[in-house]
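>>> quick check, what structure comes out for this input:
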Amino acid sequence: MNNNYDLDLSTSPKELTLILTIMTTENGDSDLTFTNEFFTEIDWDLFNQLAIHHRVYPLIYTKLVQMKEQKLIPQKIIQLLGDEYKKNTFNMLRLSGEMEQVSKLFTENQIRLLYLKGPVIAADIYGDISLRTSKDLDILITKSDLIRAEELLLSKGYERVGILNTFMWTWKDHHVTYFHPQKRIQIEIHWRLHPPSYKGHSFNELWKRKRVSKLTSYPVNFLGKEDLFSFLITHGTRHGWFRLRWLADIDQLIRKGISTDNSSFFLKYQQYQLGQALILTNQLLKTPINKDMKTFTTGKRSRKLAQLAMFFISEMSDSHIKHLSKDAVGKERKHNHFSLMANLQSVFVTRHLFLMMSNLQKFIFVVELLYPSPEDASTLRLPKPLHFLYFPLRPFLFAWRKSPFMK
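Okay, here's the model as predicted:
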């Protein structure tokens with residue numbers, strides 16, 4: 001891999017290195033060859049778990065079935081990945097059908113909507129919905145349509161998860177979740193792309209640049225090419241890039257010719273986010289970085305942030321999976337470890353995000369942390385006249401939710 005950015009990959013597990021090597025082979029290459037050292041001393045269970053954890057198993061499986069070296073890989077592993085691949089394909093087909101129905105429902109009721117992720121994005125980025133995973137459908141609408149959108153979803157059997165439009169939650173949050181118990185499908189309705197501390201384009205701006213997918217017979221609207229690239233950059237940043245799937249998306253968009261030329265938005269709001277993503281994709285997925293994009297990768301800050309993300313990509317996921325896969329670990333111990341790892345990851349992601357922010361963003365971020373949330377209301381129910389007490393009680397309610405006593 002290119003080491004121009006001095007990214008230390010020495011602590012990455014060998015299983016992750018093999019996954020990255022397979023991901024960077026060309027699909028059409030009939031002469032895929034690997035030396036035996038790639039396959040020696042591999043923990044194949046960990047390899048399988050990492051492929052699933054990073055949500056890249058569809059890409060891994062489709063490349064494994066083309067490899068001449070299949071005999072070096074346990075057939076059990078290929079079968080397991082194949083089973084997951086088939087499950088994902090079926091799930092993406094289900095989501096495609098629901099995506100079309102919801103689009104028709106909202107449009108007929110004069111609600112403009114844009115799909116942010118899901119099958120429509122898989123088809124656009126990879127040309128095949130089976131090559132990307134999605135656990136739900138993410139839809140962006142205007143805030144003024146939020147109540148009407150909920151009424152429509154509830155009328156179709158969906159149930160809201162959490163609290164909506166109470167005590168100004170919509171200022172602090174950016175989406176609400178709905179779940180259909182019979183269909184087993186989850187939908188996230190967004191009224192902004194990201195939390196308030198992140199700058200994003202207005203809905204009307206995004207709507208002007210929208211694209212219409214040909215995946216379904218009924219028109220399905222989704223983000224324009226540059227808007228999708230910008231959204232995925234910020235989304236990956238917010239989560240510390242702990243899944244390789246997000247970097248694979250960025251890699252594919254860049255290879256398809258996404259441009260950052262003369263982009264004042266990237267320069268003003270996403271300079272370090274983009275620099276971090278470019279370094280990570282170049283180092284891990286051999287993504288070609290053109291001259292214009294290299295200007296975002298030259299600073300020490302972008303390199304530092306890229307190295308910090310490696311903790312989430314390799315070390316943290318590896319130790320988490322290894323611990324939970326031990327047969328001797330009981331359910332309660334597993335739960336406590338999961339809670340500990342989740343809290344630890346939250347701390348590191350928060351530090352990671354803070355390093356990325358401007359002073360204004362940091363101020364808004366701190367206000368967000370101090371401002372009451374729907375979770376506070378779920379933890380302690382107070383009558384509306386006493387809602388002001390959520391402000392002084394928030395640190396205690398947050399600590400209680402994070403304690404090992406909460407299961």
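
>>> any buried residues in stretch 75-90, and which?
By neighbour count with 16 or more other Cβ atoms under 10 Å, stretch 75-90 contains the buried residues 77-78, 80-82, 84-85, 88. (Glycine included, C-beta is placed from N, CA and C.)

>>> any chance of the residues you listed in a markdown table, plus secondary structure?
Below are the buried residues of stretch 75-90 laid out as a markdown table (DSSP: H, G, I helix; E, B strand; the rest coil):
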| residue | secondary structure |
| --- | --- |
| I77 | helix |
| I78 | helix |
| L80 | helix |
| L81 | helix |
| G82 | helix |
| E84 | helix |
| Y85 | helix |
| N88 | helix |
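
>>> make JSON lines out of those and add pLDDT and distance to F222.
Below are the buried residues of stretch 75-90 laid out as JSON lines (pLDDT from 0 to 100; distance: Cβ to Cβ, whole Å):
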{"residue": "I77", "pLDDT": "93", "distance to F222": "34"}
{"residue": "I78", "pLDDT": "93", "distance to F222": "33"}
{"residue": "L80", "pLDDT": "96", "distance to F222": "32"}
{"residue": "L81", "pLDDT": "96", "distance to F222": "28"}
{"residue": "G82", "pLDDT": "96", "distance to F222": "29"}
{"residue": "E84", "pLDDT": "98", "distance to F222": "26"}
{"residue": "Y85", "pLDDT": "98", "distance to F222": "24"}
{"residue": "N88", "pLDDT": "98", "distance to F222": "20"}
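
>>> which of those residues lies closest to G200?
G200 has its nearest neighbour among the buried residues of stretch 75-90 in N88, at 29.1 Å by Cβ to Cβ.

>>> identify the residue nearest the closest one in space, chain neighbours excluded?
In space, N88 comes closest to T133 once its chain neighbours are excluded; the distance is 5.3 Å by Cβ to Cβ, 6 or more residues apart in numbering.

>>> does that neighbour count as helix, strand or coil?
For T133, the secondary structure call by three-state DSSP comes out as coil.

>>> need the pLDDT of it.
If you check T133, the pLDDT there is 97.

>>> contact partners for it?
The contact partners of T133, taken as Cβ atoms under 8 Å, 6 or more residues apart in numbering, are 55, 57-58, 88, 91-92, 245.

>>> give me phi/psi at it?
Note on T133: its backbone torsions stand at phi -100, psi 150 [degrees, to the nearest 10].

>>> could you measure from it over to T237?
20 Å (Cβ to Cβ, to the nearest Å).

>>> ditto for P195
From P195 to T237 the distance is 12 Å (Cβ to Cβ).

>>> V102 too?
Remark: distance between V102 and T237 (Cβ to Cβ) = 28 Å.

>>> and what of G257?
According to Cβ to Cβ, G257 and T237 sit 22 Å apart.

>>> which of these two has more residues huddled nearby?
Neighbours were counted for G257 and for T237 using other Cβ atoms under 10 Å; T237 has more, 24 against 8.

>>> thanks a lot, catch you later.
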